[in-house]
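**Student:** The following comprises the amino acid sequence and a computationally predicted model.
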Protein chains: 4
Amino acid sequence: MRKWPRKNDPESIKARQEALGLDGTVTGIDLEPFARAQEMLTGAAVIPVSVVGPLEIELGEYELREPDGAVVAAGRGRDSIFVPLAHTEGGLSASMHRGARAVAESGGFRTYVLADRITRASCFVCGSAVEAIELAAWLEDELSAMQDWIASQDDPSLSQFARLRGVKTHVVGPMCHVLWRWTTGDAVGANMMTRNSYVLNMGYVMERAPVKPERSILEANMGGDKKPSFEYFQSGHGKTVLAEATLTDEAVRRVLRTGVDDLLELAWAGTHGAVASGMQSVAFTPASAIAALFAATGQDLGMVGTSSMCHGAARRVDEGLQVSLRLPGLEVATIGGGTTLPYARRWLEVLGCAGAGKVYRFAQIVAAATLALEISASAAMATAGSAEFFRAHHERGGLR
Amino acid sequence: MRKWPRKNDPESIKARQEALGLDGTVTGIDLEPFARAQEMLTGAAVIPVSVVGPLEIELGEYELREPDGAVVAAGRGRDSIFVPLAHTEGGLSASMHRGARAVAESGGFRTYVLADRITRASCFVCGSAVEAIELAAWLEDELSAMQDWIASQDDPSLSQFARLRGVKTHVVGPMCHVLWRWTTGDAVGANMMTRNSYVLNMGYVMERAPVKPERSILEANMGGDKKPSFEYFQSGHGKTVLAEATLTDEAVRRVLRTGVDDLLELAWAGTHGAVASGMQSVAFTPASAIAALFAATGQDLGMVGTSSMCHGAARRVDEGLQVSLRLPGLEVATIGGGTTLPYARRWLEVLGCAGAGKVYRFAQIVAAATLALEISASAAMATAGSAEFFRAHHERGGLR
Amino acid sequence: MRKWPRKNDPESIKARQEALGLDGTVTGIDLEPFARAQEMLTGAAVIPVSVVGPLEIELGEYELREPDGAVVAAGRGRDSIFVPLAHTEGGLSASMHRGARAVAESGGFRTYVLADRITRASCFVCGSAVEAIELAAWLEDELSAMQDWIASQDDPSLSQFARLRGVKTHVVGPMCHVLWRWTTGDAVGANMMTRNSYVLNMGYVMERAPVKPERSILEANMGGDKKPSFEYFQSGHGKTVLAEATLTDEAVRRVLRTGVDDLLELAWAGTHGAVASGMQSVAFTPASAIAALFAATGQDLGMVGTSSMCHGAARRVDEGLQVSLRLPGLEVATIGGGTTLPYARRWLEVLGCAGAGKVYRFAQIVAAATLALEISASAAMATAGSAEFFRAHHERGGLR
Amino acid sequence: MRKWPRKNDPESIKARQEALGLDGTVTGIDLEPFARAQEMLTGAAVIPVSVVGPLEIELGEYELREPDGAVVAAGRGRDSIFVPLAHTEGGLSASMHRGARAVAESGGFRTYVLADRITRASCFVCGSAVEAIELAAWLEDELSAMQDWIASQDDPSLSQFARLRGVKTHVVGPMCHVLWRWTTGDAVGANMMTRNSYVLNMGYVMERAPVKPERSILEANMGGDKKPSFEYFQSGHGKTVLAEATLTDEAVRRVLRTGVDDLLELAWAGTHGAVASGMQSVAFTPASAIAALFAATGQDLGMVGTSSMCHGAARRVDEGLQVSLRLPGLEVATIGGGTTLPYARRWLEVLGCAGAGKVYRFAQIVAAATLALEISASAAMATAGSAEFFRAHHERGGLR
């Protein structure tokens, strides 16, 4: 082939398939509904989906407060939710199922949305530090003027759906890094806030700054775009969500086959291990749960790493073991991107999360499912440490 | 439904589908080949796959040296490779394609495998620091005895394929953290090395340690199991791979539509932004490429975050812009797990990477593809900063 | 001796000296002026002090804006300043002197104060996550009420000098971490803001919170009290200061004996080395300068590590090499603590920094001196890499 | 004055003093013994010194094993040690004293030296990644040849006292970073190992490397020279030391006026606070103790930050509360540098740590003293949280 065809019309797709000698399975799925999802479409990947549950969750209903964009609670409800998991890791589904059962017997999960922001980290390279400092001071005071300006533009590349909520600057030498913080509703909003940030940079800042910067850079890593960062581990990205459960001693013993003290000892050693390895998160396996839910529901898989940043904590309380996960950077959507495509949409429907007005619900379910897996995986680790378990599983197998 | 059915026989699958009201799309794919991949199988997720390329790569052939398990070069060759990408992010495929073209016109990618290890981070909680210190000293001297012991066992749960290559200890108070470092060939080997580590912990260490530890914990976070850590960012996990290219000024200008100086300024600001945000990686968008390749080829999507740890560097050389990415923790496989399943297998075949003896090739292709996207995404960022580009794209759209 | 005497009256001091067999040097300095500086006073330590300079600095004058406590510029001036350095590291003084000279010949240092805050990181352990979330929301809205309350108290343990400027909360499970952000004028203010935070915790929060927390913890590490943290690397502690200089090619060549390109190559490799080692700061030797200035001027030496957090950047500009350091956490004072004691006070006077109204001047001088040493140390490293330098210094010494 | 005099003869010293208008206190101390400690000597700084104790410590005796330089135990003994602290922080001495008393009543401290290494992090910039990879492979195999070569040189700038013990390479693009790991006996050895590393770089590597690097950089931050890094937090620098104690419930209650459960709750919240703030260390106030001991004994104060890196852990055991600190990077000396100067030497004598053969003893004392302060400071924090304490201290003062 002289030149790799790049369009997504049926002939181009076919040409690519033939050039690669593809037929049968990978080309057997109707690609038409996917033709606008990406360039040079050629076939399909299939990942098996399990469904586990139900997860018993007490969820919050949330609204964005205007004009500051704070997430405020509007009510709470309970629901029993079945969770689809797309993956090929033996044991994962069974383990999450077991964790969900232990929590169900202990009164259920409680989930909360703490914050909602999506951020573009631009940078203006100025002539010197003093210019960067002046620019930063100007930008911090310019928020409402910039909000008005965006609202007044008729540039079709601007999204009026993405709302600018805050500006944070950070000066390093001649660089004025800027975090543009947006809300984008039920979409992840990466594209819309990127376009808006770009127009803001070029059409507003570069035109009106007290001293014109030498250079405007749309993204310069002061945030954490698809790379875990401390900035977002703390201040959050996408949805910041917390899930909690209080496991009874009885559920720990009967369902998880271990004890509260064993789980606490594990948490202690695991937290200190994380410190010793320079691990940012404190948790065991959040990424497994998040990746499986993301793959089933059309989320951006490139955001699995950042969305899996996790700060877990556990302690004994009168009722048993209180466990919680803080997920600061859940980049999830119920509209737009992959969520609108055939399979993903259907799995979102199973969750009651398809379409507008559902993203906080979805974020909370992801957090609860992640905690379910975390609980069960922890229990497996704690159990494995006992001599009885080892003997039962290995002695007849050969160890003497 | 009284109780959620948990088996994968056709009746159970059907019962779950009916309970959830599923039919049509998500249940339309034959699940039989997937029935052993996970529990509570219920349906499928489909992700569209593009194919971009060719990537012109000079790859190394590598072997494991015995007995130390060092990766040694056995030769180098060139290949033109088409890369399948499963994702729904508009622009990603086109962008990687463009990066690959710029590199092809500049002489191609050069890729290298630096190391190969998979690690289980166990922890022995001892009675006191002195016991932990004694245990650590004993373990560090016990490597060859433990290797012999594993080889002599007939415990069927032990994998003779996973080879113990090293032991690293780290004492914190009464905790003796231990990194068991294995090679597992063309499999990721998470399960096999976990089983072996477990048998080693319980059957060897707990039985023979000079002072018996109070508790053995199979995994306690001293490594970086599905969570990015400094430990693995530096010492590596899975395959540690490096990809490099030297872009000519001509290719930068003509294909990437920017200049070497613009790209260097971007790298400078982006690196300092990463420092300021507490970002471990220095790069723009490795996770997008890695997730797309992982989803197409049946890799573990829970390992996207760790496999995307990335240290990029760029500088001007006589020939143009020398750019490279170090990927310290590529957790990839060409056998086992999801790689054996229908769709994934076929995409691995397109890459010439299906089956045994292919994992180093695959790791290098992933690295090259990641660099291709990184180059093009960087160029887009650099281009966007120019006033000309902005005017061309926005002025007629409304900005005045 | 039956019991170690703990008072600082002359008899107790003498008793301790005799019990340890001390006489001569270490007891020869009049201890009377130091008798209130610490308990169990027994003798003295002496550190030699060099004076280097002058540093030619363009400094800012700054004021705190009310009520938000932002640092605002009130004017700029130039000064020639001699800097006292207490240390015993051969070469340090000469090196800083050389750096200062190179900068003087290039037009001088430019320094800026970006922010001023001192923070106590308290934590309220609540009954559950929901209570911690409610507490956080309440605290964030309670700032002005708390400010009024403090002003209205006549508790003599409260400092009216420490002004509460901000509250930042961070919820992890049932923990509501709170950063109480204060200004304390020309004092570091650790004690006064600690006392105020304590009264706020116990007298206000524990009494009036919507749901009473289980436990109030005065300090729980969410900030960075004497331990470097990302939180303060970014948001700052004490004074956040930036120093910049633009070295001419001529000064680099003639005074520093290297070239701008060599320094840039060094900066490039050193920045990537810092990334690879998981080093938070990007710089070579800020701590040496800061420790020497701190020891001479009675600053808290336990704050050397945090005050040395440093983000340096360098790039070529038309005029030569533009270099800068951002010191986010300079914990310095010109009143209170060790600054009032005989020797320290005198060295502060040499700097024109003794007493009230001088702390921003002092912080800027520290930053300029740190940059002076950084420049010269970098040049030494760059020079050493040349074969000529090596031959000149080593060939006749024996290397063949 | 036309030109700042730079020598340390009496006339130059006097000229500087007069130029600055100095007389009386700061010039009253005989500077002659300090004349070789630094350039441009002009006066002195005095820091008051308290002495607290005794600390009851069970210490190890250690030797370096040849040829690998491992630290091996040669015996253990007990000692009662008084500790000199140079600082001006009210409460610090009393607090450490209290902590020491609580530990003495609980059976004393136990201290251990785990490792001993001082490292220079050089970097060779090569033409490309493949050259850097080849260089790394060559260097890792060249250790014994390099050891022999150093021993055979008669270059007087080489220290035969500094012994090369290991080489660790890390390739990033064309950069081959190298950690040269040395032992330097009772000296910190920064200068001697720097000189040796330099000769090795220029006289060996640049001459004999399979492909000559473009550039040799003596120090490029892959280690952690006076800046905390994860590399040294884990692998250590200077002396890696661990101190432990088991506090009885009785000592906690009677001496520390709090309870074991309160201390555990504090440790739990403080550890999670450290995670949330991106703090590397887990501890409260190690730097205060280390700075005070360093200032009294002539250690390098620029190393306070790195030497204070600290990983603390606490748990309940049958006997009470087991607490420990791991100090991975204690850069301490008993010979050379500031330790030979009048006041410092005398305080080292009080510790029984002056001169050769004493550095492991000194490092262990520093660790025990740091733990003493940590225990007492933690107790103060835990106590303060009680309503009783608050009422007792504040109610009559005005709070109503």
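**Tutor:** Happy to help now that I have it.
**Student:** Show me which residues of chain A sit near chain C.
**Tutor:** Residues of chain A found near chain C (CB under 8 Å from any CB of the partner chain) are A:110, A:112, A:114, A:127-130, A:133, A:170-175, A:230-231, A:234, A:242, A:244, A:246, A:278, A:311-315, A:317, A:322-324, A:326. From N, CA and C alone the C-beta is placed, and that goes for glycine too.
**Student:** Let's see which of those end up in helices.
**Tutor:** A:129-130, A:133, A:230-231, A:234 (DSSP state H).
**Student:** Could you tell me which residues of chain A lie near chain D?
**Tutor:** Within chain A, the positions adjacent to chain D are A:230, A:233-234, A:268, A:271-272, A:274-278, A:280, A:282, A:311, A:313, A:315 by CB under 8 Å from any CB.
**Student:** Out of the residues you listed, give me the one that has the most neighbours.
**Tutor:** residue A:276 (30 neighbours; other CB atoms under 10 Å in any protein chain shown).
**Student:** is it true that that one touches residue D:234?
**Tutor:** Yes - Residue A:276 lies in contact with residue D:234 (CB atoms under 8 Å); the separation is 6.7 Å.
**Student:** what touches both of these two?
**Tutor:** Common neighbours of residue A:276 and residue D:234, using CB atoms under 8 Å, 6 or more residues apart in numbering or on different chains, are residue B:170.
**Student:** Give me the contact status of the helix or strand of chain A with the lowest mean pLDDT with chain B.
**Tutor:** Every helix and strand of chain A was ranked by mean pLDDT, DSSP states H and E. The lowest is helix A:387-390, at a mean of 75. Yes - using CB under 8 Å from any CB, helix A:387-390 reaches chain B at A:387, A:390.
**Student:** for stretch A:225-237, same thing?
**Tutor:** Yes - Stretch A:225-237 lies within reach of chain B by CB under 8 Å from any CB, at A:225-233.
**Student:** For burial, what's the neighbour tally of the residue in the stretch 151-300 of chain A that chain C sits nearest to?
**Tutor:** Taking CB to the nearest CB, chain C has its nearest neighbour within the stretch 151-300 of chain A at residue A:173, 3.7 Å off. Residues contacting residue A:173 under the criterion other CB under 10 Å number 24.
**Student:** my guess is it contacts residue A:131, does it?
**Tutor:** No - here residue A:173 does not reach residue A:131: they are 10.7 Å apart, not a contact under CB under 8 Å.
**Student:** what's the farthest-apart pair in the residues of stretch A:225-237 next to chain B?
**Tutor:** Across the residues of stretch A:225-237 next to chain B, the longest distance by CB to CB is 15.3 Å; it joins A:226 and A:230.
**Student:** show me the residues around residue A:217 that make contact.
**Tutor:** Here residue A:217 is in contact with A:122-125, B:265-266, B:269-270, B:381-382, B:385 (CB under 8 Å, 6+ apart).
**Student:** possible to save the residues you listed as a markdown table with distance to residue C:338 and pLDDT?
**Tutor:** Shown next, in a markdown table, are the contacts of residue A:217 (distance: CB to CB, whole Å; pLDDT from 0 to 100):
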| residue | distance to residue C:338 | pLDDT |
| --- | --- | --- |
| A:122 | 43 | 97 |
| A:123 | 40 | 98 |
| A:124 | 41 | 98 |
| A:125 | 41 | 98 |
| B:265 | 44 | 97 |
| B:266 | 46 | 97 |
| B:269 | 40 | 97 |
| B:270 | 42 | 97 |
| B:381 | 49 | 91 |
| B:382 | 50 | 88 |
| B:385 | 49 | 73 |
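**Student:** can you list the weak-confidence ranges in chain A?
**Tutor:** A:1-2, A:393-400 (pLDDT under 70).
**Student:** Check which residues of the least confident helix or strand of chain A are buried.
**Tutor:** Buried residues in helix A:387-390, counted by 16 or more other CB atoms under 10 Å in any protein chain shown: A:389-390.
**Student:** For the stretch 151-300 of chain A, which segments count as helices?
**Tutor:** For the stretch 151-300 of chain A, the helices defined by DSSP state H, counting those that start in this stretch cover A:190-199, A:206-208, A:230-235, A:249-254, A:260-276, A:286-297.
**Student:** From those helices, pick the one with the highest average neighbour count.
**Tutor:** Neighbour counts (mean count of other CB atoms under 10 Å in any protein chain shown) averaged over each of those peak at helix A:286-297, with a mean of 30.
**Student:** and the angle for that one with helix B:286-297?
**Tutor:** Orientation of helix A:286-297 against helix B:286-297 (axes from the mean of the first three to the mean of the last three CA atoms, to 10 degrees) gives an angle of 60 degrees.
**Student:** Do helix A:286-297 and chain B come into contact?
**Tutor:** Yes - on the criterion CB under 8 Å from any CB, helix A:286-297 is in touch with chain B at A:286-288, A:290-292, A:294-296.
**Student:** Likewise for stretch A:331-350?
**Tutor:** Yes - interface with chain B: stretch A:331-350 contributes A:337-338, A:341-344, A:346-347, A:350 (CB under 8 Å from any CB).
**Student:** Please identify which pair of these lies farthest apart.
**Tutor:** Using CB to CB, these span at most 18.5 Å, a distance reached by A:337 and A:350.
**Student:** List the contacts of residue A:376.
**Tutor:** By CB under 8 Å, 6+ apart, the neighbours of residue A:376 are A:95-99, A:102, A:256.
**Student:** how about 10 Å then?
**Tutor:** Residue A:376 sits next to A:91-92, A:94-103, A:255-256, A:284-285 when contact means CB atoms under 10 Å, 6 or more residues apart in numbering or on different chains.
**Student:** likewise residue A:61?
**Tutor:** By CB under 10 Å, 6+ apart, the neighbours of residue A:61 are A:73-77, A:113, A:357, A:360-361, A:364.
**Student:** angle of the longest helix along chain A against helix A:286-297?
**Tutor:** Ranked by residue count and defined by DSSP H, the top helix of chain A is helix A:359-384. Per the same axes, to 10 degrees, the angle that helix A:359-384 makes with helix A:286-297 is 140 degrees.
**Student:** what's the offset of helix A:359-384 from the middle of its chain?
**Tutor:** In terms of CA atoms, centre = their mean, to the nearest Å, the centre of helix A:359-384 is set 14 Å apart from its chain centre.
**Student:** For that helix, buried residues please.
**Tutor:** Neighbour-count burial for helix A:359-384, counted by 16+ other CB under 10 Å, picks out A:359-384.
**Student:** what about the residue nearest to residue A:358 when sequence neighbours are not counted, neighbour count?
**Tutor:** If the residues on either side of it in the chain are set aside, residue A:358 comes closest to residue A:334, at 4.1 Å by CB to CB, 6 or more residues apart in numbering or on different chains. When counting by other CB under 10 Å, one arrives at 28 neighbours for residue A:334.
**Student:** just residue A:4 next, same as before
**Tutor:** Residue A:4: 18 surrounding residues under other CB under 10 Å.
**Student:** Was I right to think it contacts residue B:97?
**Tutor:** Yes - at 7.5 Å, residue A:4 and residue B:97 qualify as touching, with contact defined as CB atoms under 10 Å.
**Student:** Mutual contacts of those two, please.
**Tutor:** Contacts common to residue A:4 and residue B:97, judged by CB under 10 Å, 6+ apart, are A:40, B:51-54.
**Student:** Alright, calling it a day.
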